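Undergrad: okay, here's the prediction I keep looking at, along with the sequence it came from:
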Amino acid sequence: EDQVTQSPEALRLQEGESSSLNCSYTVSGLRGLFWYRQDPGKGPEFLFTLYSAGEEKEKERLKATLTKKESFLHITAPKPEDSATYLCAVHYTGGFKTIFGAGTRLFVKA
Amino acid sequence: DTAVSQTPKYLVTQMGNDKSIKCEQNLGHDTMYWYKQDSKKFLKIMFSYNNKELIINETVPNRFSPKSPDKAHLNLHINSLELGDSAVYFCASSQDIYAGHSYNEQFFGPGTRLTVL
């Protein structure tokens, strides 16, 4: 079954405490893996696109990496403003659909 | 300028009523989507249109009917609303669902919170 699983469900960090979020997927015909950030009461905001295993993308304190079965979102020295839900999504050839994971809620305490 | 806009932002209505949600994008994208986000924050695709043509139609009750009058607009009409329809509905757009991965980065609207009483 095609699915996307994110872990952990929630993550509480102290400001400056680096960590990683995981997204594992089981789909055939990957056309792209996407990371989004969602703040309460708002729509998801696009962060990164990854396509090839070994690919890496960076933006400020965030770095996304991709293997054949999973992706990691590394957060270096997070700040309270990084608190949000981070969503992983996979676009694949099965009907050209995009499946979203359930998200990881990140809380960063000052 | 708002890239993807939705109206209304909040919708409170009684069971059995019919309601519509409108979406517009000014990004020049070919593909538009409707997603439902339930109380557990899980985002699930409902429909997708590419150049006004319906291309994704998930297992959604036929009380839900999307309409795309042109590439920039995608509306969602819901008949005979039920309690279980309460959720946040998001509209999104991407450049071209059939093109390469970079063309499928989706841009989301602010959402419409639907509450059925």
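TA: Perfect, thanks for sending it.

Undergrad: the worst-scoring helix or strand of chain A on mean pLDDT pairs with which strands, and in what direction?
TA: Within chain A, no helix or strand scores below strand A:98-100, which has a mean of 91 by mean pLDDT, DSSP states H and E. Here strand A:98-100 is paired, per DSSP bridges, with strand A:84-92 (antiparallel).

Undergrad: residues near residue 5, how many?
TA: Went with chain A since none was named. As a burial measure, the neighbour count of residue A:5 was computed by other CB atoms under 10 Å in any protein chain shown and equals 13. No exception for glycine: its C-beta is placed from N, CA and C like everyone else's.

Undergrad: the chain in question should be chain B.
TA: 15.

Undergrad: follow-up on the earlier one: the least confident helix or strand of chain A: what's the following helix or strand?
TA: strand A:104-109 (DSSP states H and E).

Undergrad: show me what that following strand is packed against.
TA: Judged by 3 or more CB pairs under 8 Å, 6 or more residues apart in numbering or on different chains; DSSP states H and E, strand A:104-109 is in contact with strand A:10-14, strand A:84-92.

Undergrad: ramachandran angles for residue A:58?
TA: When read as degrees, to the nearest 10, the backbone of residue A:58 gives phi -130, psi 150.

Undergrad: so who does it touch?
TA: By CB atoms under 8 Å, 6 or more residues apart in numbering or on different chains, the residues touching residue A:58 are residue A:64.

Undergrad: where are the low-confidence patches of chain B?
TA: Counting by pLDDT under 70, chain B contains low-confidence residues at B:1, B:100-102.

Undergrad: for the spatially most central residue of it, what are its contacts?
TA: Relative to the mean C-alpha position of chain B, the nearest C-alpha, by CA atoms, centre = their mean, is the one of residue B:34, at 2.5 Å. For residue B:34, the contact set (CB under 8 Å, 6+ apart) comprises B:23, B:45-48, B:66, B:74, B:76, B:89-91.

Undergrad: mind running it again at 7 Å?
TA: Residue B:34 makes contact with B:46-47, B:66, B:74, B:76, B:89, B:91, according to CB atoms under 7 Å, 6 or more residues apart in numbering or on different chains.

Undergrad: same question for residue B:86.
TA: Residue B:86 sits next to B:114-116 when contact means CB under 7 Å, 6+ apart.

Undergrad: and residue A:39, by the same measure?
TA: Listed by CB under 7 Å, 6+ apart, the contact partners of residue A:39 are residue A:84.

Undergrad: got the residue ranges for the strands in the chain?
TA: Chain wasn't specified; assuming chain A. A:3-7, A:10-14, A:19-26, A:30-38, A:45-50, A:56-59, A:62-66, A:70-75, A:84-92, A:98-100, A:104-109 (DSSP state E).

Undergrad: actually chain B
TA: Along chain B, counting by DSSP E, strands occupy B:4-7, B:10-13, B:19-25, B:31-37, B:43-50, B:53-57, B:64-70, B:73-78, B:87-94, B:107-108, B:112-116.

Undergrad: any chance of those strands in a markdown table with distance to residue A:33 as columns?
TA: Rendered in a markdown table, the data for these read as follows (distance: least, CB to CB, whole Å):
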| stretch | distance to residue A:33 |
| --- | --- |
| strand B:4-7 | 22 |
| strand B:10-13 | 33 |
| strand B:19-25 | 23 |
| strand B:31-37 | 17 |
| strand B:43-50 | 15 |
| strand B:53-57 | 19 |
| strand B:64-70 | 26 |
| strand B:73-78 | 25 |
| strand B:87-94 | 14 |
| strand B:107-108 | 17 |
| strand B:112-116 | 27 |
